Each structure stands twice: as C-alpha cells, then as structure tokens.
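Student: Provided below are the primary sequence and the corresponding predicted coordinates.
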Amino acid sequence: MKQAAMPRSLLHWLAAAVLVAAIPHVTYLPLWASALVPAAVALRLGLRHPPGRWILVPLVLATFAAVLVQFHSIAGATAGGTFFAAMVALKFLEARDLRDAGLLVCLSYFLATSIFLTSQAIAMAAYVLGSVTLTTVALITLADPSGPPPSLRARKAALLLLQSLPIMLVLFLLFPRLPGPLWGFGNDPSAARTGLSDTMAPGSITQLVRSSDVAFRVQFDDQAPPPGRRYWRGPVLWHFDGRTWSRGDPAVRTLAPPADIGDVRRYTIIIQPHDHRWVFGLDLPLDRGGSTRRAPGYNLLAGSRIESVRRYRLESALQYRLETNLAPGRRQRALQLPADAAPRARQLAQRWRAAGGGPRAVVHRALAWFGANGFAYTLSPPALSGDPVDDFLFGTRAGFCEHYASAFVVLMRAAGIPARVVTGYLGGETDTLGGYMIVRQSDAHAWAEVWLDGAGWVRVDPTGAVSRARIETGVASVRGADASLSYLSRSGTGWLRDVALAWDSVDHAWNRLVLGYGPELQHRFLENVGLGGFGRYALAVVTMAVTGLALAAVWLLALRGGPRPDPITRAWARARSRLVRAGIVPAPAEGPHALAARVARERPDLAAPFGRIVRLYVALRYRPRAAPRARANLQREVARFRPRRTARRGGSADS
C-alpha cells in the first residue's frame with residue numbers, strides 16, 4: 001500500500017524536533033557528526049524529493065566506518081550516541097512519506113532522552129522536557145496536518161505531558177529501584193571525567209585545582225569538623241618509580257579494624273561521577289558493611305565505577321589508631337624506593353636518622369627543614385629537571401601539595417620509616433542556604449602517612465610546614481591563588497557567588513531526591529507511607545497494576561469525552577437549558593425559529609430576549625459572514641437570559 005506524501009509543514013516540524021533533540025549531544029559529538037545533523041536537515045528541506053539510495057547507502061557505510069575509525073567501536077555512550085545521531089540525520093534525509101514521519105517522531109523522542117546517558121543535570125532535564133514537548137507537537141501535526149494553529153498544538157502537547165505526570169510519579173516512587181544507578185550501565189572509556197587519578201606526579205594535582213567543578217557534597221547529621229580536620233581520604237599510593245606514585249596495593253586478605261575509635265561523625269555524601277571506584281570518606285571512613293568495601297589503604301571503594309551521581313551513607317572517625325602491627329609484606333611495600341632515585345635526599349635522611357631520637361625525631365626534623373629553608377607553596381610551581389625529588393628539595397624549593405607529600409615520603413622511606421602518599425581533598429565550603437558542604441576539585445590535596453611504633457599510621461601533612469593557611473582556611477588563601485583559581489574557588493563574597501550557591505542548592509536537591517533516589521531512599525519512603533512490608537516483586541506487581549488502571553481510566557475518559565463543542569454551540573445549549581428551567585422543554589428536532597415561535601406563544605414575556613438570542617445564533621451558525629462582534633453579543637445575551645419558572649402575576653417575567 002502506497003503511503004501518503006509528507007506535507008511540507010510536517011517536514012518543518014520534524015526538522016525542528018530533530019535539531020533541538022540533537023543540540024545537547026554536541027558536547028561529545030565529533031566535529032563531523034555535529035555538522036552532519038544540520039547539514040542533512042538543511043539539504044532535505046532544500047530538496048523537493050529525497051535523494052536516491054545510490055547516495056544514501058554510501059553515506060550510511062561511510063558514517064559507520066567513520067565511527068569505527070574514531071572510536072574503534074559503536075558501543076558506549078559516546079560512540080553509540082555518535083552513530084545514533086548520524087543515523088537519525090540520514091533517516092531525515094531520506095524521509096518522504098507519513099510512515100517515515102512516524103519513525104522520525106519516535107527517533108526524536110529517543111534522541112532527546114538518550115542525552116541522560118552522559119548528563120543528568122537539572123538544566124539538562126528541563127531542556128529535554130522542552131525537546132519532548134516540541135516532538136509531541138510534531139506528533140500532533142502528523143495526526144492532523146491541517147489541524148489547529150501552532151499555538152493550540154503546543155498547548156495540547158503541554159497538556160498531554162501534564163496528564164502523564166501522575167503516572168510518571170507512581171513509576172518513579174514505587175517501581176523497585178535497581179541497586180546501581182540506571183544511567184551507569186555500560187562503561188564508556190572515551191567519556192572524559194574530572195577528578196583525582198590513581199597516580200600522582202609533579203603537577204597533576206596542581207592542574208586539577210584550577211577547576212571549580214563539584215567533586216561531592218556532604219550533609220552532616222551533626223556539626224561539621226573544623227576546616228583543618230576535613231581530610232577526605234581517597235586513593236592511597238604505595239609504589240614510586242622515581243617520578244610517579246601509583247597504588248601498587250599490597251595484596252591482603254584481611255585488614256585489622258582501627259582501634260581506639262573516637263569522635264565519630266555520621267554524614268551523607270553525594271558524589272559526582274569520576275569514573276573510578278573510590279568513595280571519599282572523612283579522615284578515616286569506617287566500613288559498616290554497606291555498599292562500599294575497604295581498600296588496602298583503608299579508603300573506601302564502591303562496588304563498581306562511579307559513572308553517575310551516587311549517594312552514600314557513611315561514618316568516619318576523627319580519632320583512631322590504625323594498624324598498630326604492620327605485616328612484613330606491607331612494611332616492605334611502605335619502604336620501597338628505586339635504587340637510583342633521589343640520591344641527595346637519601347643522604348639528608350640518613351643524616352637525620354644518624355642524629356638519633358627515633359622515627360618521631362626524624363619526622364620533626366623533616367618538617368622543620370621545610371619550614372626553615374625558604375620553601376614556597378604555590379599554584380604555579382616551576383618545572384622540574386633531572387631527579388624530580390632532588391630538584392625540588394635542593395633546587396626550585398617551590399611546589400604544590402604533591403611536591404611536598406612526595407618528597408616527604410621519599411625522605412621518610414630513605415630514613416627507614418614506612419610511609420605512603422594519601423590523595424583526596426582537604427576543606428570544603430558550607431552552603432548556608434542548603435545546610436550542606438561543597439567540596440570542589442580545587443580542594444584536591446595530597447598528604448603523607450608514616451607508620452610509628454605503638455601509634456600505627458599517623459597523618460603528617462608537610463604542606464602545613466610551609467603554608468598553614470592552606471590547611472586551616474583552604475586553597476584560596478594561598479598567595480597568588482586568585483590568579484590561578486576559577487571564580488567559585490576564590491575567597492570573598494558577592495552577589496554572583498550568592499546566585500551560584502543558590503543554584504547549587506537546587507542542584508543538590510535534584511541530586512539528592514531524584515538522581516540519588518535508590519533502594520535506600522525508596523525503602524524509607526515506602527515505610528513512611530505504610531508499604532514497607534511489600535517485597536520487591538510484589539511492589540512491582542502493585543505498581544504495574546496501578547499504572548494499568550490509571551491508563552485504562554485515561555483511555556475510558558478519552559472515549560467518553562469526545563470533541564468539545566465550539567463556543568457558539570455551548571452558548572445555544574445554555575440558552576435551551578434555561579428555557580427548561582422556565583417550563584419550556586425544547587423538542588429534539590425543533591429548530592431555532594420554531595422554538596422561538598413556541599416561546600412567544602407560551603411565554604410572551606420571554607419573546608424579546610430569546611428572539612435576540614435566536615437571531616444571533618442563526619446568523620453565526622448559518623450565514624457565511626456574520627458581524628465581527630456577533631459571538632460576543634450572543635454570549636452576552638445568553639448570560640443575561642435568566643427566566644423565572646412562571647411569570648409574575650400582573651406583570652412580565654424577569655429576563
């Protein structure tokens with residue numbers, strides 16, 4: 001059966017729907033794919049008929065080959081999204097009939113919502129809602145190309161989306177939540193993430209702190225610790241190759257739990273995606289058997305890569321003793337140094353050790369040496385040449401936290417003291433409007449831990465020896481920070497910062513209540529509404545039943561309602577109904593003039609006002625051209641027409 005040709009007006013609506021749906025994907029599409037979508041749409045709009053298959057088939061093959069060459073795959077959010085967007089563009093290029101139009105509507109819906117695979121921000125959700133509304137307008141145009149004007153189509157599309165909100169809320173709140181984030185499926189190695197790496201080299205953290213992106217947000221149950229104690233533990237680095245630190249985690253079957261725990265803080269952390277598994281916990285996070293596990297460095301790891309916003313409920317201890325008995329294998333790892341690394345630093349450390357006093361004395365000598373030999377803490381450290389540790393300690397003597405942490409751990413290991421590098425974040429800005437703490441990438445930090453007999457692992461931050469302000473008030477207090485940091489990471493106040501923090505409060509609520517709505521929050525919600533005893537599968541059945549009943553109710557109402565009469569018909573129906581109240585019942589086949597004649601016979605007092613209504617109604621309904629204000633006059637006359645049941649004795653009835 002031959003399909004009807006596509007009207008040009010429908011083609012224009014489809015072009016708008018496809019272009020608007022494709023705009024957010026430009027953030028990750030390669031340049032050729034970003035240009036292909038508008039080029040294909042413009043070419044099809046300029047052609048009377050779509051090109052033939054001898055052009056389209058080579059274009060499809062070339063697009064497929066281009067995706068494979070650039071991404072080596074068509075799987076993943078970036079590669080798959082590129083291929084899908086290109087195919088939608090080529091489908092628009094070949095569109096010729098109503099069947100193609102229906103398929104393009106479906107593809108536009110999918111293209112608009114597929115951006116959630118890469119971004120779930122609230123601004124993006126609002127944009128997608130607008131894109132879906134526009135595609136719905138195209139769908140209404142497809143159903144009736146010669147229908148109402150665009151403004152009425154847009155109003156109807158918005159009404160349809162509003163009617164779907166109750167069903168959406170039921171599904172969101174009641175349908176069983178998966179243990180992992182829905183949008184986190186499918187690791188995409190080509191997607192760029194901002195955050196700490198699992199390695200540290202000179203300059204790596206320095207570059208990271210130039211970003212004001214949010215790393216995570218924290219809501220404390222009680223009072224937050226002071227700034228100088230807000231160490232957020234991340235990857236612990238054991239292995240050193242002479243320049244770069246890496247995890248090199250020693251294999252351990254079990255880790256001894258921390259002892260003498262005190263000052264326990266409970267909090268909720270909402271982490272932004274960083275494509276790694278580590279979960280940043282305050283100082284020493286406690287493993288309570290939840291959705292995280294403890295790594296060999298006593299930092300927490302998630303069950304899978306964090307590729308979307310996640311919410312964790314954590315506990316941390318600010319007072320503790322950690323691993324007071326160090327296993328021989330872990331001790332050996334904590335003393336590892338390359339044979340030819342940092343010869344001058346080795347000599348310095350050995351002199352400190354020979355001076356006596358034990359490991360604690362060596363630690364104090366190292367910190368005092370940093371503070372007394374002209375070292376500078378800067379966000380713009382000079383480049384290092386030769387051996388990076390020796391050049392920093394005896395040459396440039398200017399660096400950022402990674403320079404000090406790396407050099408300090410090398411000195412400790414050279415003196416025979418087990419030591420390791422800990423990376424994470426230090427500090428955090430309190431949002432007074434939302435009552436939570438924001439930790440940004442600019443708060444990234446590195447410090448050291450040394451193992452001391454009887455005390456276990458002890459945190460030592462050599463940064464404090466040269467810049468106490470960095471520890472106590474944040475990176476914005478570092479000299480020259482305003483020239484290197486972005487606006488939101490700098491110190492000070494202003495209306496622009498207030499606006500940014502207000503928006504961050506909205507974004508935090510979105511992350512906490514929508515993106516972070518997982519099994520834990522759903523279980524709490526169900527308990528509050530009395531459905532906590534339902535099992536997961538029973539709840540799924542109930543949800544599907546409620547949704548089915550809601551859809552059936554909407555369908556029955558749609559069948560029952562029918563088209564709404566126009567204003568002229570409604571006004572005439574009101575006038576007839578008011579005659580019934582006056583004791584005159586119109587017959588089903590009685591026309592306006594016949595009804596007016598009967599009213600004049602039975603109720604002469606109503607003849608004049610009802611006669612005016614009949615004349616206006618007949619003129620609007622049956623004459624090709626009526627007076628411009630005839631409809632308003634009819635509605636006004638009907639509003640005035642309020643006859644009584646019977647005429648007053650000795651006078652006329654009110655009208």
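Tutor: Perfect, I can see it now. No experiment lies behind these values; they were computed from the predicted model shown.

Student: can I assume Leu348 is in contact with Ala407?
Tutor: No. Leu348 is beyond contact range of Ala407, at 10.3 Å (criterion: CB atoms under 8 Å). Quick note: C-beta positions are derived from backbone N, CA and C, even for glycine.

Student: out of those two, which sits in the more crowded spot?
Tutor: Taking Leu348 and Ala407 together and counting by other CB atoms under 10 Å, Ala407 has the greater number of neighbours (24 against 19).

Student: so the more buried one is in which element?
Tutor: Using DSSP states H and E, the element containing Ala407 is helix 401-414.

Student: would you mind listing the residues touching both of Leu348 and Ala407?
Tutor: Residues touching both Leu348 and Ala407 (CB atoms under 8 Å, 6 or more residues apart in numbering): Leu393.

Student: in the sheet, who's paired with Glu429?
Tutor: Assessed by DSSP bridges, Glu429 has beta-bridge partners Ile438.

Student: pretty sure it contacts Thr473?
Tutor: No. Applying CB under 8 Å, one finds Glu429 not in contact with Thr473, separated by 11.1 Å.

Student: settle it for me: which of the two has more neighbours?
Tutor: Glu429 (20 against 14).

Student: leaving out the residues flanking it, which one is nearest to Thr199?
Tutor: Ser246 (4.8 Å; CB to CB, 6 or more residues apart in numbering).

Student: flag the shaky bits of the stretch 51-200 of the chain, pLDDT-wise.
Tutor: Across the stretch 51-200 of the chain, the ranges flagged by pLDDT under 70 are 175-194.

Student: swap the cut-off to 90 and go again
Tutor: 51-60, 63-64, 66-86, 93-100, 114-125, 141-156, 159-198 (pLDDT under 90).

Student: do a quick rundown of the helices in it.
Tutor: 53-71, 77-94, 98-113, 122-143, 150-174 (DSSP state H, counting those that start in this stretch).

Student: likewise for the stretch 501-650 of the chain?
Tutor: Under DSSP H, counting those that start in this stretch, the stretch 501-650 of the chain gives helices at 519-528, 536-561, 567-581, 592-602, 607-622, 630-640.

Student: any idea of the angle the third one forms with helix 607-622?
Tutor: By that I understand helix 567-581. Here the directions of helix 567-581 and helix 607-622 differ by 150 degrees (axes from the mean of the first three to the mean of the last three CA atoms, to 10 degrees).

Student: same question for the shortest one.
Tutor: Between the axes of helix 519-528 and helix 607-622, defined by the same axes, to 10 degrees, the angle is 160 degrees.

Student: mind giving me the domain ranges of this protein?
Tutor: 8-175, 200-337+417-489, 567-640 (automatic domain parsing).

Student: can you find the helix or strand in the chain with the smallest mean pLDDT?
Tutor: Ranked by mean pLDDT, DSSP states H and E, the weakest helix or strand in the chain is helix 536-561, scoring a mean of 61.

Student: could you list the low-pLDDT ranges of the stretch 551-655 of the chain?
Tutor: The stretch 551-655 of the chain contains residues with pLDDT under 90 at 551-571, 573-574, 577-585, 587-591, 605, 616-636, 642-655.

Student: give me that answer again for 50
Tutor: 647-655 (pLDDT under 50).

Student: what's the local residue count around Ala589?
Tutor: 6.

Student: how about Val218?
Tutor: Neighbours around Val218, by other CB under 10 Å: 22.

Student: that one contacts Met437, doesn't it?
Tutor: Yes. Contact criterion CB under 8 Å: Val218 and Met437 qualify, at 4.4 Å.

Student: one step back: relative to Arg497, which of the domains of the chain is closest?
Tutor: Nearest to Arg497, of all the domains of the chain, is domain 200-337+417-489, at 6.9 Å by CB to CB.

Student: so where is the stretch 251-400 of the chain shaky, pLDDT-wise?
Tutor: Along the stretch 251-400 of the chain, no part satisfies pLDDT under 50.

Student: all helices for it, in order.
Tutor: Assigned by DSSP H, counting those that start in this stretch, the stretch 251-400 of the chain shows helices spanning 328-333, 343-354, 358-372, 388-391.

Student: of those, which approaches Asp504 most closely?
Tutor: Using CB to CB, the nearest of the helices of the stretch 251-400 of the chain to Asp504 is helix 358-372, at 36.0 Å.

Student: identify each buried residue in that closest one, please.
Tutor: The neighbour-count check on helix 358-372 (16 or more other CB atoms under 10 Å) flags Pro359, Val362, Val363, Arg365, Ala366, Leu367, Trp369, Phe370 as buried.

Student: just those now: which is nearest Thr292?
Tutor: Comparing the buried residues of helix 358-372 against Thr292 with CB to CB places Val363 closest, at 31.1 Å.

Student: which residues does that closest one contact?
Tutor: Neighbours of Val363 in contact, by CB under 8 Å, 6+ apart: Met412, Ile417, Val450, Leu452, Val460.

Student: so Val458 touches Val450, yeah?
Tutor: Yes. At 5.7 Å, Val458 and Val450 qualify as touching, with contact defined as CB under 8 Å.

Student: more neighbours: which of these two?
Tutor: Each of Val458 and Val450 has its neighbours counted (other CB under 10 Å); Val450 has more, 25 against 16.

Student: let me know the next secondary structure element after the helix or strand that contains that one.
Tutor: Assigned by DSSP H and E, Val450 belongs to strand 444-452. The helix or strand immediately downstream of strand 444-452 is strand 456-460, counting by DSSP H and E.

Student: CA atoms only for the helix or strand following that following strand, dumped as CSV, please.
Tutor: The element immediately downstream of strand 456-460 (helix or strand, assigned by DSSP H and E) is helix 463-466. These are the backbone C-alpha positions of helix 463-466, laid out as CSV (Å, rounded to 0.1, in the frame of the first residue of the first chain):
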residue,chain,number,x,y,z
THR,A,463,52.1,21.4,53.4
GLY,A,464,51.4,22.8,56.9
ALA,A,465,55.1,23.4,57.4
VAL,A,466,55.2,26.0,54.7
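
Student: and the very next helix or strand once past helix 463-466, what's buried?
Tutor: Sequence order places helix 468-473 as the next helix or strand after helix 463-466, per DSSP H and E. Across helix 468-473, burial judged by 16+ other CB under 10 Å covers Arg470, Ile471.

Student: now find how far off-centre helix 468-473 is within its chain.
Tutor: How far helix 468-473 lies from its chain's middle: 32 Å, per CA atoms, centre = their mean, to the nearest Å.

Student: what helices or strands is it leaning on?
Tutor: helix 463-466 (3 or more CB pairs under 8 Å, 6 or more residues apart in numbering; DSSP states H and E).

Student: list the contacts of the helix it packs on.
Tutor: Contacts of helix 463-466 from elsewhere in the structure, counted by CB under 8 Å, 6+ apart, are 367-368, 370-371, 375-377, 401, 404-405, 445, 447, 470-471.

Student: could you dump those to JSON lines with distance to Leu152?
Tutor: Formatted as JSON lines, these follow (distance: CB to CB, whole Å):
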{"residue": "Leu367", "distance to Leu152": "75"}
{"residue": "Ala368", "distance to Leu152": "79"}
{"residue": "Phe370", "distance to Leu152": "73"}
{"residue": "Gly371", "distance to Leu152": "75"}
{"residue": "Phe375", "distance to Leu152": "72"}
{"residue": "Ala376", "distance to Leu152": "68"}
{"residue": "Tyr377", "distance to Leu152": "65"}
{"residue": "Cys401", "distance to Leu152": "61"}
{"residue": "Tyr404", "distance to Leu152": "67"}
{"residue": "Ala405", "distance to Leu152": "65"}
{"residue": "His445", "distance to Leu152": "58"}
{"residue": "Trp447", "distance to Leu152": "64"}
{"residue": "Arg470", "distance to Leu152": "61"}
{"residue": "Ile471", "distance to Leu152": "63"}
